[in-house]
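A.B. asks: Here is a sequence together with a model predicted from it:
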Amino acid sequence: MSTEFKRREVKKVRVPVPEQDPHVRIRNFNEVALGYSLEQAIEEASRCIQCHVKVAPCIRDCPVLVNVPGFIRKMLEGDMKGALEVIMETNSLPGITGRVCPQEEQCEMNCIMGKLGDKINIGKLERFVADYAREHGIRPEVKISPPTGKRVAVVGSGPAGLTVAADLRKMGHEVVIFEALHEPGGVLVYGIPEFRLPKEIVRYEVEFLKSMGVRIYTDVVIGKTLSLYDLLEEFDAVFLGTGAGTPNFLNVPGVNCLGIYSANEFLTRINLMKAYLFPEYDTPVKRGRRLAVIGGGNTAMDAARSGLRIGYEEVYILYRRTKEFMTARIEEVAHAEEEGVKFMFLVNPVAFKCDENGWVKAVTLIRNELGEPDETGRRRPVPIPGSEFDLEVDAVVIAIGQRPNRILYQEVPELEVTRQGTIVVDERYRTTLKGVFAGGDAIRGEATVVLAMGDGKKAALSIDEYLRTGEWPERITPMKIAATE
Amino acid sequence: MFEIIAKQELAPNIKWIKVKAPLVARNAKPGQFVVIRLHERGERIPLTLFRWDKDEGTIELVFQEVGKTTYELGTYEVGDAIADVVGPLGRPTHIENFGTAVVVSGGVGAPIGYSITKALKEAGNYVISIIGFRNKQLVILEDEFREVSDELLITTDDGSYVRKGFTTDVLSELLESGRKVDYVFTVGPVIMMKKVADITRKYGIRTYASLNPIMVDGTGMCGACRVTVGGQVVFACVAGPDFDAHQVDFDELMKRLAMYREEEKLALEGFLQVGVVRG
C-alpha cells in the first residue's frame, strides 16, 4: 500500500460495492452489501479531492460531524488505526453508521465530487474502516478524562443512548445504561434486520463502549422496574433515549385478525428472537405464501425483505402515494425490487377479512389519486369512491410509523410531553424536569439512527455543562424539531 | 441471570419456583407480571407474579407445563438460572374496599387469584374465593387461599374433590341466592372469564378480568398482546392486564391465543423427543 498521498487524475465513477446475488440472498440473512476489499476501498478513497476541513460539505452535513477528508487521508496513508481514530473522535459507532446512515441525504449530499462525477461513497468507506479494524484487532486509543465523580443514568441503549454514554464517559463521568430488552442496541437489534446490520457489529461496538467503562444493565424497564425518580435519587443527571417504540395500527375493521403484525413485532420476532431459525430458536413467526406490507418507509422495506427470507413467495408493499414519495432510502427500495418485492402504489387498506378461525385472508384496498399538497408538501392521497378490491394474503405487516413509548413517563407529571407523546426539550436537550435530558426518537417521533446520535452528542455537551455548573432554567423554551419521516 | 432458589411440584405439570430478582421484588404489586426468557435461544413469555419478598429479593412464580418453554422451565432445578426476568410489568390491579368481593379463578389462574384475594382482604373487603380445577389432583394453593379468604368455595370439573362443576355454576348460585356482591375479579381460562362476565353483567356487578394474551416485549412495543376492549384496540401489556370484563372481546382473545398452536406443538414435540436441552 502506498504510504504517501499522491494526487492523481480523479476517477469520476464510484467503485461499485460487491453485493450478494439477489437470488441467493433472499434465501439467507447474511449481509447484502459485502463491503469493499482493501484495494477497492483505497481506490474509492483516492477519488476524494480532500476539501479543506473548514469547508468540506461532508463534515458540515453529518449530524455527528465526522471528519471525512481526515479519515480518508489516513486511509490513503495506509494508517487504518489512524483513520478509525479520526472517525471515533466524533462517532463511537462507525460500523453501525457506515451501514445504516442515509448518506445520500447527509455526508454525500453536497460532496464536491458530485460536480465532476459520482459523489464519494463515504458510507462504505466508513464501514470499511470499522470492519477492517474489527477484523484485524485494531483498537483505537480513546482518551478518557479523569473521573469527575458525577454519575449519569442513560435510559435506552439505542443510537442516542449509546452515543451520549460514550461521549459522557470520555468526559470522565460515570455512566450507567438501562435497557428494557435483554440485549443492548434498541432499534439496532430489534428493528434493523441482520442482512442490513449484522448483530455482531452492534455487539462489537457495544462491547467497546463497555471496555471504556460504560456499564449496561439489561432487563430493566424504567417506569416499571425502577422509576425515573429512583434514578434521580441515584444519579446526578438522566438522559432519556427511549425511542419511538409504540406501533401505530390502522383503525380499520379486522385489524386484530390473526397474522396481522406491527412491523415492530414482525421484525422483533425475526431479528431479536431469530424466528427465522425456529424451531432451533423458540420464537415462531407466521409463514405462508403471500405477505402484504403496508407503508413506504425503511421499516416497510425491512419487513418485506425479511418476509421473503422467511419463505413468503410473494411479498407486496402497499403504499398510499406514488413511488417518488416513499420515505425509504433509494438503496433499500432498489434492493427490495431486485429481490422481487412487488410494489402497489396509490392504494389504502380499508378493511381486513378473516377466515372462520380468525386468520387474515384478504386485505381490502381502495385506490387513491393524488390531490393537493398537504402540510408535508406531498400531494395528498384521495380515495376514489367505489374502487375497492381485495388482495388475498396469508399475513400482513403494518409499517405505518410509531409513536414514543409512554411507559417511562406515565407517572411523571413534571415531564412535559406533546400530544404525539414526544418529550419536550429545549435547544440544550433539557426536559421540564431538572437534571433530565432527552434525545433521539423520544423527542422526534421517528427519525434516523444518525439524527438520534447527533442528539446524543449535543445532549452530552449539555449534560456535561449541567454537571459542572448545576445551572437549570426555571422554564425551558421548547426546541422546534423539524418534522421528519 | 436470575437464580432459582427453591422449587416444588404443586400438582402434575404445575410447578412453583422462587427466583432471585431483587429489583422485581422491590416494586412488585398484585396483578403484575414478568416476562422471562430461559436462555439464548428461548422465547419471551409472560408469567404472573404469585408472591414476592422485598427483603429476601425474591419472587415466586407458578406455571403449568403446556408448551415448550414451560416444560423446559420445569426441568430447571434449584441452582439453575433463568437468563432474563423483566418486570414487574403491567398495571397493578386496582384494589380498594369495595365491600363484598368475589374472586373467581381457575386452574393456573389460581396463583394470581390468590394474590388479588390477599390484597382485597388486606384492603378490608369481605372476600369470597371461588377456585376451580379439572380434578382433585390439580387442586393447588388450597391452604393459601383459605388463609386470605372469608369463604372458600372449590369446584372440580369431574367432581373428584369437593363439588362437581364449574366456578361459574357456584358464582351463579351465589348471586341467585341474593347475596349482595360489590365486586368480582376473575382470572383463568378465557372461556371461564367470559362466562363470569356474562353472569355478572346481568346483575350489574363491577367485574375485572386479568387477561393473558401472547406477548413478546411486554412494554408496549410490539402490539402482539392487543385486545379489543369497549370497541377500542389496546395493548394488554401496558394498558392491562386487567380490564373491565364486561367490555372485553373474549372471543377474539381466544382466537389470538391459538395463533401459534401448530408451532407450539412442533416445538414441544421436538423438545420432548430430544429431552433436556440447555441453551
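C.D. replies: Great, that's in hand.
A.B. asks: contacts, neighbours, all on C-alpha from now
C.D. replies: Will do.
A.B. asks: from the stretch 51-200 of chain B, which residue is nearest to chain A?
C.D. replies: Taking Cα to the nearest Cα, chain A has its nearest neighbour within the stretch 51-200 of chain B at B:Val86, 5.1 Å off.
A.B. asks: So what pairs up with that residue in the strands?
C.D. replies: Assessed by DSSP bridges, B:Val86 has beta-bridge partners B:Val35.
A.B. asks: Distance of it relative to A:Val189?
C.D. replies: 18 Å (Cα to Cα, to the nearest Å).
A.B. asks: quick one: low-confidence parts of chain A?
C.D. replies: Filtered on pLDDT under 70, chain A yields the residue ranges A:1-9, A:482-485.
A.B. asks: Can you pull up the residues of the stretch 201-350 of chain A that come close to chain B?
C.D. replies: Residues of the stretch 201-350 of chain A lying close to chain B by Cα under 8 Å from any Cα of the partner chain are A:219-221, A:224-226, A:245-247, A:256-259, A:261-265, A:268-269, A:273, A:279-284, A:286.
A.B. asks: Can you tell me which of these are buried?
C.D. replies: A:219-221, A:224-226, A:245-247, A:256-259, A:261-265, A:268-269, A:273, A:279, A:281-284, A:286 (16 or more other Cα atoms under 10 Å in any protein chain shown).
A.B. asks: Not counting its own residues, what contacts stretch B:6-21?
C.D. replies: For stretch B:6-21, the external contacting residues (Cα atoms under 8 Å, 6 or more residues apart in numbering or on different chains) are B:2-5, B:57-65, B:74, B:77-78, B:85, B:108, B:137-140.
A.B. asks: Make a PyMOL selection of whichever of those turn out to be buried.
C.D. replies: The PyMOL command for the buried members of the contacts of stretch B:6-21 (criterion: 16+ other Cα under 10 Å) is given here:
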select buried, chain B and resi 2+3+4+58+59+60+61+62+63+64+65+74+85+108+138+139+140
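A.B. asks: Okay, and which of the contacts of stretch B:6-21 map to strands?
C.D. replies: Counting by DSSP state E, those place B:2-5, B:58-64, B:85 in strands.
A.B. asks: related to what we said a few turns ago, hang on, the residue of the stretch 51-200 of chain B closest to chain A packs against B:Ala28?
C.D. replies: No: with contact defined as Cα atoms under 8 Å, B:Val86 does not count as touching B:Ala28 (11.3 Å).
A.B. asks: neighbours of the closest residue to chain B within the stretch 1-150 of chain A, just the number please.
C.D. replies: Nearest residue of the stretch 1-150 of chain A to chain B: A:Phe29, at 17.0 Å (Cα to the nearest Cα). If you count neighbours by other Cα atoms under 10 Å in any protein chain shown, A:Phe29 ends up with 18.
A.B. asks: So it: helix, strand or coil?
C.D. replies: coil (DSSP: H, G, I helix; E, B strand; the rest coil).
A.B. asks: Could you tell me which of the residues of the stretch 201-350 of chain A next to chain B belong to helices?
C.D. replies: Those of those mapping onto helices are A:263-265, per DSSP state H.
A.B. asks: Around chain A, which positions in chain B sit nearby?
C.D. replies: Residues of chain B that fall close to chain A, judged by Cα under 8 Å from any Cα: B:23-24, B:27, B:41-44, B:68-69, B:84-89, B:216-217, B:219-224, B:226-227, B:238, B:252, B:255-256, B:259-260, B:263, B:266-267.
A.B. asks: Which ones among those residues map onto helices?
C.D. replies: B:23-24, B:27, B:68-69, B:238, B:252, B:255-256, B:263, B:266-267.
A.B. asks: What helices and strands are in contact with whichever helix in chain A runs longest?
C.D. replies: When chain A is parsed with DSSP H, its longest helix is helix A:449-469. When contacts are defined as 3 or more Cα pairs under 8 Å, 6 or more residues apart in numbering or on different chains; DSSP states H and E, helix A:449-469 packs onto helix A:94-100, helix A:159-170, strand A:436-438.
A.B. asks: Quick check: which of these is buried the most?
C.D. replies: Sort these by mean neighbour count, taking mean count of other Cα atoms under 10 Å in any protein chain shown, and helix A:159-170 sits at the top with a mean of 28.
A.B. asks: So what touches the next helix or strand after it?
C.D. replies: Later in the chain than helix A:159-170, the nearest helix or strand by DSSP states H and E is strand A:174-178. Here strand A:174-178 makes contact (Cα under 8 Å, 6+ apart) with A:147-157, A:161, A:165, A:168-169, A:213-222.
A.B. asks: ok, the residue of the stretch 351-485 of chain A found nearest chain B - how many residues close by?
C.D. replies: Nearest residue of the stretch 351-485 of chain A to chain B (Cα to the nearest Cα) works out as A:Gly358 at 6.2 Å. Counted with other Cα under 10 Å, residues neighbouring A:Gly358 total 20.
A.B. asks: now A:Glu471
C.D. replies: Number of residues near A:Glu471 (other Cα under 10 Å) recorded here: 11.
A.B. asks: Also A:Cys62?
C.D. replies: 21.
A.B. asks: Now for it, which secondary structure element holds it?
C.D. replies: Following DSSP H and E, one finds A:Cys62 outside all helices and strands.
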